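Visitor: Could you look at this predicted model? Sequence included:
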Amino acid sequence: MKNLNALKKGVLGLMVLGLTFTSCSKDETTETENQVQDTSEVERSAEIDQIDNVLGDLVIDAYEGQELSETGRTTYNGDIPDCVTITVVVQQNYRQVTLDFGTEGCLVRGHLLKGQIVFDYTRDPEAQQIAINYNLVDFYFDAKNIIASRSILKELSNDNGNPQFTHDLSITVIWPNGLQASREGTRIREWIEGFGSGVFSDNVFEITGDWEATFVNGNTHTYEVIIPLRREVICYYFVSGSFDVQRTNFGGVFDFGDGDCDNQATFTFNNGTEIPITLN
């Protein structure tokens, strides 16, 4: 009888242990799946970063080109390809500039763009600040539909003596598969190299700011730049810098590396787990 009781206790112990391992296994699987979902959304947000970079580059490039063409003091070699049709409306000090990428699309800095960017501003060479407002018309970025009506505030000189652009980040991105995300916030782009050279391709910017991304499933992420993001116009990606990402039950740091122009980044969860990220 004692042997039978001992056997029963042993079997019961194995069953409990088995259930414990099964429970842990399920918890680990769920945690892994949640991390995959979380990093997937962070990667989508990085795609929006690319869109912001290119849109900002194009508006600033076209604006600087228009301003320098009116002064006649400097020859400006912009970086906007010939497949983009640029139209300018001049009314006293008011300027409206349209960048038309066509319905078939135009390859710009490695991305296929369709539709139009239309921006306007009031020209005042003596002003320390200029407000540039722009709208996207039937605009697509690598098959993603981009909806935005935004503004950029240009300061001729910040505290470091550099030109600075403060970008409104209001934008909605719709992927071909129906996934949708919106972003609100502010990004400050300091022009640290290349200003006044007359060549846009040698420009380097440092970017700071904070913003919030909301996905169609209701998930909301907050972002804050920790180390300024270095934007070299000749590279499709940020080459260095990092930002903090937080949402309910999830957070970490997205890092673009130490200066190499590549599509590799890392994401470090709050618990210290680090995973590689390949940017599109």
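Guide: Everything's here; your move.

Visitor: wait, what's in contact with the residue most central in space within the chain?
Guide: Centroid-nearest residue in the chain: Asp49, 0.8 Å away (criterion: Cα atoms, centre = their mean). Counting by Cβ atoms under 8 Å, 6 or more residues apart in numbering, Asp49 touches Phe238. C-beta here means a position set from N, CA and C on the backbone, and glycine is covered the same way.

Visitor: tell me the SS of it?
Guide: Assigned with DSSP: H, G, I helix; E, B strand; the rest coil, Asp49 falls in the helix class.

Visitor: how long is stretch 272-280 end to end?
Guide: Start and end residues of stretch 272-280 are separated by 25 Å (Cα to Cα, to the nearest Å).

Visitor: just to revisit the earlier point, any idea how far the residue nearest to the centre of the chain lies from Phe254?
Guide: According to Cβ to Cβ, to the nearest Å, Asp49 stands 9 Å off from Phe254.

Visitor: Where does the closest residue to Arg231 other than its chain neighbours sit, in terms of helix or strand?
Guide: Nearest residue to Arg231, sequence neighbours excluded (Cβ to Cβ, 6 or more residues apart in numbering): Phe205, at 4.3 Å. For Phe205, the element it lies in under DSSP states H and E is strand 204-215.

Visitor: what about that strand, average pLDDT?
Guide: Here strand 204-215 scores 95 as its mean pLDDT.

Visitor: Each with direction, which strands does it pair with?
Guide: Applying DSSP bridges, strand 204-215 is found paired with strand 180-193 (antiparallel), strand 220-232 (antiparallel).

Visitor: Give me every residue in contact with the last one, excluding its own residues.
Guide: Looking back up the chat, that one is strand 220-232. By Cβ under 8 Å, 6+ apart, strand 220-232 touches 41-42, 45, 53, 185, 189-190, 203-215, 238-247, 253, 256, 259, 261.

Visitor: let's go with 6 Å and repeat that
Guide: Contacts with strand 220-232, where a contact means Cβ atoms under 6 Å, 6 or more residues apart in numbering, come from 204-214, 238-247.

Visitor: list the buried ones in that strand?
Guide: His221, Tyr223, Val225, Pro228, Leu229, Arg230, Arg231, Glu232 (16 or more other Cβ atoms under 10 Å).

Visitor: closest to Tyr134 among those residues?
Guide: Looking at those and their distance to Tyr134, the nearest is Arg231, at 18.5 Å (Cβ to Cβ).

Visitor: and the closest one, what pLDDT?
Guide: Model confidence at Arg231, given as pLDDT, is 92.

Visitor: same deal with Asp38?
Guide: With respect to pLDDT, Asp38 has a value of 61.

Visitor: what do you get for Thr20?
Guide: At Thr20, the model reports a pLDDT of 36.

Visitor: just Asn77 next, same as before
Guide: 68.

Visitor: do Gly110 as well
Guide: As predicted, Gly110 sits at a pLDDT of 86.

Visitor: What does it show for phi and psi?
Guide: Gly110 adopts backbone torsions of phi 80, psi 10, taken as degrees, to the nearest 10.

Visitor: any idea how far the spatially closest residue to it that is not a sequence neighbour is from Val59?
Guide: Using Cβ to Cβ, 6+ apart and skipping the chain neighbours, the partner closest in space to Gly110 is Tyr236 (5.1 Å). Tyr236 sits 18 Å away from Val59, going by Cβ to Cβ.
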